[in-house]
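build me a structure from this.
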Amino acid sequence: MSTHREITRVSVSTLKERKESGEKIAMITAYDYPTAAIVDSAGVDIILVGDSLGMVVLGYETTLPVTMEEMLHHTKAVARATHRAMVVGDMPFMSYQGDPNEALKNAARFLKEAGAQAVKIEGGAEFADVVAKMSKTGIPVMGHLGLTPQSVHQLGGYKVQGRTSVAAEKILKDAQALEAAGAFALVLECIPAALAEEITAALAIPTIGIGGGAHCDGQVLVLHDMLGMFERFTPKFVKKYANIGEQMGKAVAQYVREVKEGKFPSAEHSFVK
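All right, here's what the predicted structure looks like:
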């Protein structure tokens, strides 16, 4: 008799149940096989293969240069490592903003080729038709409002959004439009906590905050930020849970010293026969 216990992957229905029960949703980014395996086994609900990889993995100044092929490459690696978490592929700049049919094809590639269970796009009501087209085709779509990094030049930098009553009202209406179009969840980035709380209460779908305060239905952080592995800048909303970058630097420096001094390899790490 088989003793194998099947692992149930987090789904759109799971996340809806989380919202209804009040259980918070934990989401984090990952971009490769080993880190995805670690965060999956740690119990996260959603792994976002974010286009943030352009900055924290590939060294670009912004997320704008990231291509579909780069996103698919990294999403495939993450999908191979995961068994429990929902894998969401981040659609890069200009992969969905143009021809709706091309947007649909690009979204489908994340599911067909890369093994993701959903995609994420940035933008509000102006992309409701795209979200609806994807959703009706069977592609789960996560929205992203507030600070949308792909619009960094238009926004004038990485700034908190929705501070005025007019701006706040627009974000709320965008959130409602995306929900009506079929989005299954929304990321709310860098908006006032009170606005995020209002949006969360107004929607039946889960909200995932990143700089959106404690009243969202869940939270997301970039893995390299929370582990101290990206030192170019640290957003206010990031809590560093470890400083892996510093530990890696010390480990490699010790290795270099031991090689130079002839201490490595020792007999313990050598073959006699």
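
by mean pLDDT, flag the weakest helix or strand of this structure.
Least confident helix or strand of the chain, by mean pLDDT, DSSP states H and E, is helix 152-155 with a mean of 82.

could you list the domains of the protein?
According to automatic domain parsing, the chain is divided into the following domains: 12-237, 243-273.

quick one: the helices in this structure?
12-21, 33-41, 53-56, 68-81, 100-112, 128-137, 152-155, 165-181, 193-202, 223-226, 244-260 (DSSP state H).

how many other residues sit next to the nearest residue to Lys236 once chain neighbours are set aside?
The shortest distance from Lys236 to any residue other than its chain neighbours is 6.9 Å, reached at Gly211 (C-beta to C-beta, 6 or more residues apart in numbering). (C-beta placed from N, C-alpha, C; glycine too.) Gly211 is flanked by 23 other residues according to other C-beta atoms under 10 Å.

which one of the helices of the chain lies closest to Glu268?
helix 244-260 (12.4 Å; C-beta to C-beta).

could you measure from Ala125 over to Gln154?
Ala125 sits 16 Å away from Gln154, going by C-beta to C-beta, to the nearest Å.

more neighbours: these two, which one.
Legend: neighbour count by other C-beta under 10 Å for Ala125 and Gln154, higher for Ala125 (16 against 7).

excluding its backbone neighbours, what's nearest that one?
Nearest residue to Ala125, sequence neighbours excluded (C-beta to C-beta, 6+ apart): Ala177, at 3.8 Å.

ok so, going back, turn the helices of the chain into TSV, including distance to Asp217.
Converted to TSV, the helices of the chain look like this (distance: least, C-beta to C-beta, whole Å):
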stretch	distance to Asp217
helix 12-21	5
helix 33-41	19
helix 53-56	25
helix 68-81	23
helix 100-112	23
helix 128-137	19
helix 152-155	25
helix 165-181	12
helix 193-202	6
helix 223-226	19
helix 244-260	28
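
could you list the low-pLDDT ranges of the chain?
1-6 (pLDDT under 70).

so which residue is dead centre in it?
Leu48 (3.0 Å; C-alpha atoms, centre = their mean).

that one: what's it in contact with?
Leu48 makes contact with Met27, Ile28, Thr29, Ala30, Val88, Asp90, Lys120, Val220, according to C-beta atoms under 8 Å, 6 or more residues apart in numbering.

rerun that using 6 Å as the cut-off
Thr29, Val88 (C-beta atoms under 6 Å, 6 or more residues apart in numbering).

which residues does it bridge with?
Under the criterion DSSP bridges, Leu48 forms beta bridges with Thr29, Val88.

what are the contacting residues of stretch 113-121?
By C-beta under 6 Å, 6+ apart, stretch 113-121 touches 72, 75-76, 79, 86-91, 96, 107, 110, 140-142, 144.

an error on my part: the question was meant for stretch 209-227.
19, 24-25, 27-30, 52, 56, 188-191, 193, 196-197, 200, 206-208, 230, 237-238, 241-242, 244.

ok, now stretch 193-204?
Gly162, Ala168, Leu172, Ala175, Glu179, Leu188, Thr207, Gly209, Gly212, Gly213, His215, Cys216.

let's see 8 Å
16, 19, 162, 168, 171-172, 175-176, 179, 186, 188, 207, 209, 212-217.
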